[in-house]
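Student: take this sequence and fold it.
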Amino acid sequence: MAGAVKAPGVFAITPHKVSVCILVHSYASPSQISVPFPFSSVSQHSRLGLYLLALAKSCDDILEPKLDHLINQLREIDGLMDDWLTDHVTSRLSSLSSPDDLFNFFNELRETLGGPDSGVMDDDQVILDPNSNLGMFLRRCILAFNLLTFEGVCHLLTNIGIYCKEGISSSSYERRLDYSGNDLESLSEYENMDLNLVFKKINEEMEARKRATDQVTFHLHLPKDLSTLVEDVEVFADPKAEHNDKGRESSSYASGDLLRNVDPDNGVFLRTNWQIQGYLMEQADAIEKHGSSFTLNAFELTLRQLQKLAPEFHRVHFLRYLNNLYHDEYFSALENLHRYFDYSAGTEGFDFVPSAGCNDSGRFEIALLCLGMMQFHFGHPKKALEVLTEAVLVSQQHCNDTCLAYTLAAICNLLSEISFSTASGILGSPFSPMTNVGTSLSVQQQLFVLLKGSLKRAESLKLKQLIAANHLAMAKFDLTHVQRPLLSFGPKTSMKLRTCPIIVFKELRSGYHLISDFCCEGSTMTTDGAFSTAWLKNLQKPMGSLVMSQDSGSRNNSNPFLFFSQPISIPGSVLQLVGSSYLHRATAWEMYGSAPLARVNALVYATCFADASSSSDAALVHVKLIQHLAVFKGYKEAFAALKIAEEKFLCASKSRILILKLQLLHEHALHRGHLKLAQQACDELGVLASSVTAVDLELKTEASLRHSRTLLAAKQFRQAAAVAHSLFCMCYKFNLQVESATVLLLLAEIHMKSGNAVAGLPYALASLSYCQSFNLDLLRASATLTLAELWLSLGSNHTKTALTLLHGAFPMILGHGGLELCARAYITEAKCYLSDPSFSVSDNPELVLDPLRQAADELQALEYHELMAEAFYLMAIVYDKLGQLEQREEAASSFKNHVMALDHPHDVDDPILS
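Tutor: Sure, this is the predicted structure:
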């Protein structure tokens, strides 16, 4: 009776484990030589050993594969010997027709294990070390079998029979199992001897346990009335599974029976308590990684069903909180977060554990940390900061140094993402971590002090992942802030008010060592079988080339698979941090003006870290690559790539892909002269931004900047200047220095096109000053080009000055600039030569015609009608001076076409609208 009902977490012997034991016995048969039959080589023998190691570790996973899945995996890894292995497994399983056969089989397994005298043996003898992974697996199986009663052994025999029959029905090995009528009668005889009494006692004990604890354990056989609660539960291990009208697609490890095995007597055999905990941890990681790609209602239904079956699993509340959080369900997320900490006091769901002196009676500080992060996610920065500063005080009172370190990191992330105009009333609360340094410092200075303190605390606690995250935060801070002395008194020392790229990349490199000496930072709960399960699932991923030599005739309808493409044994969070460093490098090179290096780092991330990246980071790298295509290849290729990205990522509200789509639509509409469509895209961008002050400042800046450009294209110069001036005031208020340089350059362009070049010069010079301070080399080249255009607008007397400025910026523009910037530089150069009284077109016409032709070619991909009309207009003037009437008429005709297209835009062939 003790073998029928087990406490949660007991290792139970199942038909799949028996199959693995058969394979292990074939792998290390003590009666064979060092390379047992039928292995033809040591490498073939070792390859099966790796596979068995993964199988043994994955036996504690939530779902055990069926026999046909096991046979398919054997076919993929064992080459020419797969027929022998599959025949051996199926024939050995079919031979287990009585309890005596099972007893004899497990006695043979004992011989496979080495005893105390295993060190003295023949050189060619194969014996498993009892303390090895495979040895421990065999010992657990033998112990589990020994604990079975006679009725339990009979029940195992029946399950083996069903296991074999289900495998035969979907494989080509049906001829290997011949269940005669006598065999079925013998199985039924053993099964039906005392099973009625067994199941009656099982049900009675289960009901007694339920009445005593008001809980249902996860490792028992349920009757029909309780099994109906899980009939509709479907849990998907792959969050990327597509949900469409044709049905739900999932892998062989993600079926509707994920939480149960079918019992022949109308019961459900649920997985162990420990396995469900591991599953919930995996799902929590998947939600945080893939965000809203999970279906809210479907996964919520699964969690509700699981909560009904096992109310003691408080982690279910935490998953419901995450599910609602990433679907922007504020009230449901807040309710489930409160329930989780009310029921569990925060003892589940976190990878870091408190220090030795922490009060274990509750985790109020962790609850505050989660609440603050939730408020920050929903765009409530002041509430989030108040909660997080209170969490700092509670962590200090409870001596929870680990939580304190993570809370300080969360505050740093909040201050870096949300810009505050002043520190008054925000960091000056009684719970503020900055009270010891005073609140007279600016927000940026306080952020710098917090970053340094958080990094120092993480290093003292040896929290490797937090150290790497803090280095990335320091790099992000150094990228956009000029470091000034914190003290305003003392001897004045000369210093350059400039950012330092060397410091930025030094901080980015500081986190690289994490990938080699990572640690779990005191994690007490790990899913031991998760690594092996992922390794087994990789067998189902076809590769483009044949990696292992295989006989082409060994199988007819299978693709070559990469057996040893195992997932590297590095936590996903570590890979995400290392990948984030490449994203930061790409962003840094974008600001510094090196387009090739920015593209290379984005491609490295997309190639090497795509599997471990979150959906947000994956979308970000797609955005960077598509923007690169739009700038350097034109809109046609960018729209094609955007269409692929839209199919891959959910285009939800405020998603990066949707913002990118509106940006491309606005730029393309401006270039084609479709001002109504451009204004519509600009308005939609503005709607996406939050109405809360200091939230979504990047999006608000982008929308205002594009609105001003739209007004400029409509020749509404006064309104465009007013919008740009208001935007500059906001950037100055919230210390957005890089954005300020762009806005100043826009103001210079507005004054130049309005005919007031003199008023535009100070703005261009101020923008140059910002670019020099923050090492914005490409933006500096663009500002120099605008300055040259301003000098040229002042008259022919300043042609030499404009040409000198332009030639100084040419290396940066031609080496790293996009199509539009290069075309503007070419047209400006031609205008400088044509405006110079000392220049004769007839003496050197190609000096003017070559840059104009190059400008026209590059603008063709952008469909920039205004600049193309200007280029063809200048070409017509040159041809007229040269007396080439045919070329002049051709250039004039092109000029007319682009002017007409600009005045009468058509959106019929718009790739975005189609």
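Student: below-threshold pLDDT in the stretch 351-500 of the chain: ranges please.
Tutor: In the prediction, the stretch 351-500 of the chain carries residues with pLDDT under 70 at positions 351-362, 419-441, 483-497.
Student: give me that answer again for 80
Tutor: Low-confidence segments of the stretch 351-500 of the chain, defined by pLDDT under 80, are located at 351-363, 418-445, 481-499.
Student: and Glu459, how many neighbours?
Tutor: As a burial measure, Glu459 scores 14 neighbours (other C-beta atoms under 10 Å). Quick note: C-beta positions are derived from backbone N, CA and C, even for glycine.
Student: how much space separates it from Ile411?
Tutor: As for Glu459, its distance to Ile411 is 18 Å (criterion: C-beta to C-beta, to the nearest Å).
Student: skipping its backbone neighbours, what lies nearest Thr86 in space?
Tutor: Taking C-beta to C-beta, 6 or more residues apart in numbering, and ignoring the residues beside it in sequence, Thr86 has Ile71 as its nearest neighbour in space, at 5.0 Å.
Student: helix, strand or coil: sort out that neighbour for me.
Tutor: Per DSSP: H, G, I helix; E, B strand; the rest coil, the secondary structure class of Ile71 is helix.
Student: and Phe839, by the same measure?
Tutor: Of the three states, Phe839 takes coil according to three-state DSSP.
Student: wait, it touches Ala830, no?
Tutor: No: here Phe839 does not reach Ala830: they are 10.6 Å apart, not a contact under C-beta atoms under 8 Å.
Student: more neighbours: those two, which one.
Tutor: For the pair Phe839 and Ala830, the greater number of neighbours falls to Ala830 (24 against 15), based on other C-beta under 10 Å.
Student: the helix or strand where the more buried one lies: which residues count as buried?
Tutor: Ala830 is located in helix 819-835, with elements delineated by DSSP states H and E. Neighbour-count burial for helix 819-835, counted by 16 or more other C-beta atoms under 10 Å, picks out 819-835.
Student: again, but for stretch 890-906
Tutor: Ala891, Ala892, Ser894, Phe895, His898, Val899, Ala901, Leu902, Pro905.
Student: same question, stretch 756-770
Tutor: Neighbour-count burial for stretch 756-770 [16+ other C-beta under 10 Å]: Ala757, Ala759, Gly760, Leu761, Tyr763, Ala764, Ala766, Ser767, Leu768, Tyr770.
Student: stretch 845-852 now?
Tutor: Taking 16+ other C-beta under 10 Å as the neighbour-count basis, stretch 845-852 is seen to contain the buried residues Val848, Leu849, Pro851, Leu852.
Student: would you turn those residues into CSV with secondary structure?
Tutor: As requested, the buried residues of stretch 845-852 are exported to CSV (three-state DSSP):
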residue, secondary structure
Val848, helix
Leu849, helix
Pro851, helix
Leu852, helix
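Student: if we only consider the residues you listed, which is nearest to Tyr279?
Tutor: Minimum distance to Tyr279 across the buried residues of stretch 845-852 is 64.1 Å, recorded for Pro851 (C-beta to C-beta).
Student: separation between the residue lying closest to the closest one once chain neighbours are set aside and His88?
Tutor: Computed as C-beta to C-beta, 6+ apart, the closest residue to Pro851 that is not its neighbour in sequence is Tyr826, at 3.7 Å. Plainly put, Tyr826 is 74 Å away from His88 if you go by C-beta to C-beta.
Student: and what of Asn797?
Tutor: When distances are taken as C-beta to C-beta, Asn797 and His88 turn out to be 95 Å apart.
Student: strands along the chain, start to end?
Tutor: For the chain, applying DSSP state E gives strands covering 243-244, 247-248, 260-262, 268-270.
Student: tell me, which of these is the model least confident about?
Tutor: Considering the strands of the chain one by one, the lowest average pLDDT is found for strand 247-248, at a mean of 36.
Student: quick check, nearest of the buried residues of stretch 845-852 to Phe11?
Tutor: Checking those against Phe11 with C-beta to C-beta, the nearest one is Pro851 at 76.9 Å.
Student: list the buried residues in stretch 451-463.
Tutor: By 16+ other C-beta under 10 Å, the buried positions in stretch 451-463 come out as Leu451, Gly453, Ser454, Leu455, Arg457, Ala458, Leu461, Leu463.
Student: among those, which two are most distant?
Tutor: Of all pairs drawn from these, the greatest distance, 16.1 Å, lies between Leu451 and Leu461 (C-beta to C-beta).
Student: which residues of the stretch 751-900 of the chain score low on pLDDT?
Tutor: If you take pLDDT under 80 as the line, the stretch 751-900 of the chain has no such spans.
Student: so Pro837 is in contact with Gly795, correct?
Tutor: No: with contact defined as C-beta under 8 Å, Pro837 does not count as touching Gly795 (10.9 Å).
Student: distance-wise, check the residue nearest to Thr86 relative to Leu52.
Tutor: When distance is defined by C-beta to C-beta, Ile71 is 15 Å away from Leu52.
Student: repeat for Ser98
Tutor: Where Leu52 is concerned, Ser98 sits at a distance of 27 Å (C-beta to C-beta).
Student: comparing these two, which shows the higher neighbour count?
Tutor: Counted by other C-beta under 10 Å, Ser98 and Leu52 do not tie: Leu52 has more neighbours, with 20 against 17.
Student: which stretches of the stretch 601-750 of the chain aren't confidently modelled?
Tutor: Under the criterion of pLDDT under 80, the regions of the stretch 601-750 of the chain flagged as low confidence span 612, 650-654, 692-695.
Student: same thing but 70
Tutor: 650-654.
Student: hmm, back to that, looking at Asn797 and His88, which one has more neighbours?
Tutor: His88 (18 against 10).
Student: quick one: the closest residue to that one other than its chain neighbours from Ser19, how far?
Tutor: Nearest non-adjacent residue to His88, counting by C-beta to C-beta, 6+ apart: Ser26, 6.1 Å away. Ser26 sits 11 Å away from Ser19, going by C-beta to C-beta.
Student: what of Arg585?
Tutor: According to C-beta to C-beta, Arg585 and Ser19 sit 48 Å apart.
Student: more neighbours: the two, which one.
Tutor: Ser19 (25 against 22).
Student: how many neighbouring residues does Arg140 have?
Tutor: Here the number of neighbours of Arg140 (other C-beta under 10 Å) works out to 16.
Student: which residues sit against stretch 702-709?
Tutor: 659, 663, 666, 670, 678-679, 681-682, 685-686, 688-689, 720-721, 723-724, 726-727, 730, 742-743, 746, 750 (C-beta atoms under 8 Å, 6 or more residues apart in numbering).
Student: hmm, 10 Å instead?
Tutor: Contacts with stretch 702-709, where a contact means C-beta atoms under 10 Å, 6 or more residues apart in numbering, come from 659, 662-663, 666-667, 670, 678-679, 681-689, 696, 716, 719-728, 730-731, 739, 742-743, 746-747, 749-750.
Student: among these, name the buried ones.
Tutor: Counted by 16+ other C-beta under 10 Å, the contacts of stretch 702-709 give 659, 662-663, 666-667, 670, 678-679, 681-682, 684-686, 688-689, 696, 716, 720-721, 723-724, 727-728, 730-731, 739, 742-743, 746-747, 749-750 as buried.
Student: would you indicate which residues of stretch 585-605 are buried?
Tutor: Counting neighbours by 16+ other C-beta under 10 Å, one finds that the buried residues in stretch 585-605 are 585-595, 597-599, 601-605.
Student: tell me which of those fall in helices.
Tutor: Members of the buried residues of stretch 585-605 lying in helices (criterion: DSSP state H): 585-592, 595, 597-599, 601-605.
Student: domains for the chain, by residue range?
Tutor: Per the TED database, the structural domains of the chain span 15-115+125-169, 808-913.
Student: can you put those in JSON lines and add distance to Asn336?
Tutor: What follows is the domains of the chain, written out as JSON lines (distance: least, C-beta to C-beta, whole Å):
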{"stretch": "domain 15-115+125-169", "distance to Asn336": "22"}
{"stretch": "domain 808-913", "distance to Asn336": "39"}
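Student: quick one: which of the ones you listed is nearest Leu306?
Tutor: The stretch from the domains of the chain with the least distance to Leu306 (C-beta to C-beta) is domain 15-115+125-169; that distance is 11.6 Å.
Student: tell me the mean pLDDT for that closest one?
Tutor: Mean predicted confidence for domain 15-115+125-169 is 78.
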